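Engineer: I'll drop the sequence and a predicted model, then ask my questions.
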2 protein chains.
Amino acid sequence: MMSSTCIEALSTEGRRDFYNSFDTVLTDCDGVLWLLNNTIKGATEVMNGFKADNKKVFFVTNNSTKSHTQFLEKFHALGFKALANEVVSTSFLAAKYLKANLDPSKQVYVVGSPAIACELDALNIRHFGVGEDYLKTSVPTFVENIKLEPDVGAVLVGFDEHLSYPKLFRAASYLKDQNVLFVATNTDESFPVAGTGLVMPGTGSLVCAVKTCAGREPFVVGKPSSYICNVLTETNKIDPSRTLMIGDRCNTDILLGKRCGFKTLLVLTGVNSLKDVEEWSKSDDPKLLELVPDYYAQSIDSLRATFPVPL
Amino acid sequence: MMSSTCIEALSTEGRRDFYNSFDTVLTDCDGVLWLLNNTIKGATEVMNGFKADNKKVFFVTNNSTKSHTQFLEKFHALGFKALANEVVSTSFLAAKYLKANLDPSKQVYVVGSPAIACELDALNIRHFGVGEDYLKTSVPTFVENIKLEPDVGAVLVGFDEHLSYPKLFRAASYLKDQNVLFVATNTDESFPVAGTGLVMPGTGSLVCAVKTCAGREPFVVGKPSSYICNVLTETNKIDPSRTLMIGDRCNTDILLGKRCGFKTLLVLTGVNSLKDVEEWSKSDDPKLLELVPDYYAQSIDSLRATFPVPL
């Protein structure tokens, strides 16, 4: 049986040892730092505090609906002292992956948001597909008249509020050519909408639709894929054993941390609960055990008390 | 290694024994009897011939886009002497399943076609959701204003050319209540569009999107689920060991046959090729071996020569 250490239950010495055990922090955003547009109590103090103490900080999100610039604006508006190179989003990662792997004479068919278009534009990658593409005729008429672009080298799937049958059709048809790259921003299944009976489908739901009809598996750039770690270590000196990954979702955040050899901390302000962790920790399925974090805390606010001079 | 018997290679005696080994025939439609609206050579002669020889015949399709009446019309237009009770489609099966399992005070949220609405109407099952439901505002505005119906007892997913993000959102939100039934017509992943580089996403692609965001598995009424067999044996006397299942797709048609204890025949006019079968038959994975048919034939036309008086 694996067990997680409760941050709030640490002794004074334990808190100090914890704080001194890392000099790089990766944190998820939604569910850790904020819920929609409301900052979680203590989040700015803790993250700005790490920076003030010269710990390296990276904000790592699977959200693909904001461009790099839009994310930075959100951080600043909410009081986080984030720099451009500290913010890593999946639209940015996907563009970076395609820049490195796509034949530059080819273009990308995108099932995704304008933010993805923006990141592709920033790296001069040709693309099309963003925006509405709803069925305007019967399916047989659509099939008869569809024209595929001749120079598509990749299909990129991210969050797309305009998901439609024609988009699935185009994606699957381009992917029939096994030379066409298949890239997904992330595979988060859904997001509970706090305090309601609602479930908000995540990018994973869209990716699953495309991979089913295409009969292929995508390369995923977002958490828990360790691609993000490759990208960060290209330009930053990171010692995995002295890195802390903070997240609210175990099958993305904590799993990424485990795969990269980081210490992992689950905050209970988002997707997963302590009950989930207790269940997994009793399991003998290695896939479930891998989701058990090293530490957990009620919220990021609990980290304030671990600072040498509590914030 | 399993092996399939080639119908065309049977001796005179072998052909006679084959023909006399069954008195009930279940056949798939698309890819066996027709491709789009073009009858496959010999299909009407063979199927009408079975009936003339007093073999029981059932036309079993996973297609959920036609109502029972529309299917019958298609059969008659193409020259098949099909009776109403011989045609079994997934929209019909889904309605039958819901009639038996849904609290009659509840209604069904449908991601599907007008044909499904038609079958539900025929059994006096209340439903809503069929037709366009595209996003007309931003996602946050949509989420703020969404109103869920209070008396939904089931979510039914079939082929829906108007698949959209709001539909996924509603389906996942209704399914959050574990008492709400989750039913799918079928899980066919895709359909190759003959002679083109196109891939037409099937219902399985839509079902996968819903089950991913809902985090639940549906009850599937279509092939390869043996539910169809339960329904047929309710009103017909069928001896599985003397029943032949004809199909063009192994993971639906042939698998259904195997699960029900039927003899199975693959025709090579649709989805699967002899190469697929040869590959599976060499495998030691029981899941792949289960897809290997007892017999195969170039097309349904080859069965003409097995009749006592060749057609």
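Structural biologist: All right, it came through fine. Numbering: from 1, shown residues only, chains lettered A, B, ... in the order given.
Engineer: switch to C-alpha atoms for all contacts and neighbour counts from now on
Structural biologist: Fine.
Engineer: Report pLDDT for A:Leu120.
Structural biologist: In this model, A:Leu120 is scored at 98, pLDDT.
Engineer: Now do the same contact list for the closest residue to A:Asp160 other than its chain neighbours.
Structural biologist: The spatial neighbour of A:Asp160 that comes closest, neighbours along the chain excluded (CA to CA, 6 or more residues apart in numbering or on different chains), is A:Gly112 at 4.2 Å. Counting by CA atoms under 8 Å, 6 or more residues apart in numbering or on different chains, A:Gly112 makes contact with A:65, A:129-131, A:156-161.
Engineer: Let's see which of those end up in strands.
Structural biologist: Using DSSP state E, the subset of the contacts of A:Gly112 located in strands is A:156-157.
Engineer: got the residues of the stretch 1-150 of chain A near chain B?
Structural biologist: A:134-135, A:139 (CA under 8 Å from any CA of the partner chain).
Engineer: rerun at 10 Å
Structural biologist: Residues of the stretch 1-150 of chain A found near chain B (CA under 10 Å from any CA of the partner chain) are A:36, A:132, A:134-140, A:143, A:146-148.
Engineer: Chain neighbours aside, what residue packs nearest to A:Asp151?
Structural biologist: Nearest non-adjacent residue to A:Asp151 (CA to CA, 6+ apart): A:Lys106, at 5.2 Å.
Engineer: Does the one you found touch A:Gly153 like I think?
Structural biologist: Yes - checked against CA atoms under 10 Å, the pair A:Lys106 and A:Gly153 is within contact range at 5.0 Å.
Engineer: Give me the common contacts of these two.
Structural biologist: Common contacts of A:Lys106 and A:Gly153 (CA atoms under 10 Å, 6 or more residues apart in numbering or on different chains): A:127, A:180.
Engineer: So those two - more neighbours on which side?
Structural biologist: Between A:Lys106 and A:Gly153, A:Gly153 has the larger neighbour count (other CA atoms under 10 Å in any protein chain shown), namely 24 against 15.
Engineer: Surely that one is in contact with A:Phe182?
Structural biologist: Yes - assessed by CA under 10 Å, A:Gly153 is found in contact with A:Phe182 at 9.0 Å.
Engineer: So which bits of stretch A:280-293 are buried?
Structural biologist: Buried residues in stretch A:280-293, counted by 16 or more other CA atoms under 10 Å in any protein chain shown: A:280-281, A:288-293.
Engineer: Tell me how far the residue nearest the centre of chain A lies from chain B.
Structural biologist: In chain A, the centroid-proximal residue (CA atoms, centre = their mean) is A:Asn62; its distance is 1.9 Å. Distance check for A:Asn62 against chain B: by CA to the nearest CA, to the nearest Å, it reads 16 Å.
Engineer: now swap in A:Trp280 and tell me
Structural biologist: For A:Trp280, the distance to chain B (CA to the nearest CA) stands at 17 Å.
Engineer: Next, the closest residue to that residue other than its chain neighbours: phi, psi?
Structural biologist: Spatially, and ignoring its direct neighbours in sequence, A:Trp280 is nearest to A:Leu288 (5.3 Å; CA to CA, 6+ apart). Backbone torsions of A:Leu288, given as degrees, to the nearest 10, read phi -80, psi -40.
Engineer: who touches A:Leu288 in this structure?
Structural biologist: Neighbours of A:Leu288 in contact, by CA under 10 Å, 6+ apart: A:250-251, A:255, A:276-277, A:279-282.
Engineer: now the residues you listed in TSV, with secondary structure and pLDDT?
Structural biologist: Listed next are the contacts of A:Leu288 as TSV, based on DSSP: H, G, I helix; E, B strand; the rest coil; pLDDT from 0 to 100:
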residue	secondary structure	pLDDT
A:Cys250	helix	96
A:Asn251	helix	95
A:Leu255	helix	97
A:Asp276	helix	96
A:Val277	helix	96
A:Glu279	helix	96
A:Trp280	helix	96
A:Ser281	helix	95
A:Lys282	helix	94
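Engineer: Do I have it right that A:Asp301 meets A:Ala43?
Structural biologist: Yes - contact criterion CA under 10 Å: A:Asp301 and A:Ala43 qualify, at 6.2 Å.
Engineer: higher neighbour count, those two?
Structural biologist: The residue with more neighbours, out of A:Asp301 and A:Ala43, is A:Ala43; 23 against 19, by other CA under 10 Å.
Engineer: nearest residue to that one other than its sequence neighbours?
Structural biologist: A:Leu33 (5.3 Å).
Engineer: One more: A:Pro293?
Structural biologist: Leaving aside its sequence neighbours, A:Pro293 sits nearest to A:Thr264 (CA to CA, 6+ apart; 5.2 Å).
Engineer: wait, doesn't that neighbour sit right on A:Thr252?
Structural biologist: No - A:Thr264 is beyond contact range of A:Thr252, at 11.5 Å (criterion: CA under 10 Å).
Engineer: any common contacting residues for these two?
Structural biologist: With CA under 10 Å, 6+ apart as the test, A:Thr264 and A:Thr252 both reach A:Leu291.
Engineer: Look at those two and report which has more neighbours.
Structural biologist: Per other CA under 10 Å, whichever of A:Thr264 and A:Thr252 has more neighbours is A:Thr264, with 26 against 21.
Engineer: which other helices and strands contact the strand or helix carrying that one?
Structural biologist: Under the criterion of DSSP states H and E, A:Thr264 resides in strand A:263-267. Applying 3 or more CA pairs under 10 Å, 6 or more residues apart in numbering or on different chains; DSSP states H and E, we find strand A:263-267 packed against strand A:5-6, strand A:24-27, strand A:243-247, helix A:255-260, helix A:274-282, strand A:295-297.
Engineer: Just say which of these is most tucked in.
Structural biologist: Highest mean neighbour count among the helices and strands packed on strand A:263-267 (mean count of other CA atoms under 10 Å in any protein chain shown): strand A:243-247, with a mean of 28.
Engineer: Please tabulate the contacts of A:Gly112 in a markdown table, including the columns pLDDT, distance to A:Pro308 and neighbour count.
Structural biologist: Listed next are those as a markdown table, based on pLDDT from 0 to 100; distance: CA to CA, whole Å; neighbours: other CA atoms under 10 Å in any protein chain shown:
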| residue | pLDDT | distance to A:Pro308 | neighbour count |
| --- | --- | --- | --- |
| A:Thr65 | 91 | 37 | 20 |
| A:Gly129 | 98 | 51 | 19 |
| A:Val130 | 98 | 48 | 19 |
| A:Gly131 | 97 | 50 | 16 |
| A:Leu156 | 98 | 45 | 26 |
| A:Val157 | 98 | 44 | 30 |
| A:Gly158 | 98 | 41 | 28 |
| A:Phe159 | 97 | 41 | 29 |
| A:Asp160 | 98 | 44 | 24 |
| A:Glu161 | 97 | 45 | 23 |
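Engineer: OK, contacts around A:Gly153?
Structural biologist: A:98, A:101-109, A:127, A:174-175, A:177-182.
Engineer: repeat that with 7 Å
Structural biologist: Counting by CA atoms under 7 Å, 6 or more residues apart in numbering or on different chains, A:Gly153 touches A:102-103, A:106-108, A:180-181.
Engineer: Quick one: buried ones out of those?
Structural biologist: Applying 16+ other CA under 10 Å to the contacts of A:Gly153 flags A:102, A:107-108, A:180-181 as buried.
Engineer: from those, which single one is nearest chain B?
Structural biologist: A:Val180 (13.1 Å; CA to the nearest CA).
Engineer: residue contacts, the closest one?
Structural biologist: A:Val180 sits next to A:153-154, A:174 when contact means CA under 7 Å, 6+ apart.
Engineer: want to throw those into TSV with distance to B:Thr90?
Structural biologist: Below are those laid out as TSV (distance: CA to CA, whole Å):
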residue	distance to B:Thr90
A:Gly153	37
A:Ala154	35
A:Tyr174	29
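Engineer: Mark which of those are part of helices, please.
Structural biologist: A:Tyr174 (DSSP state H).
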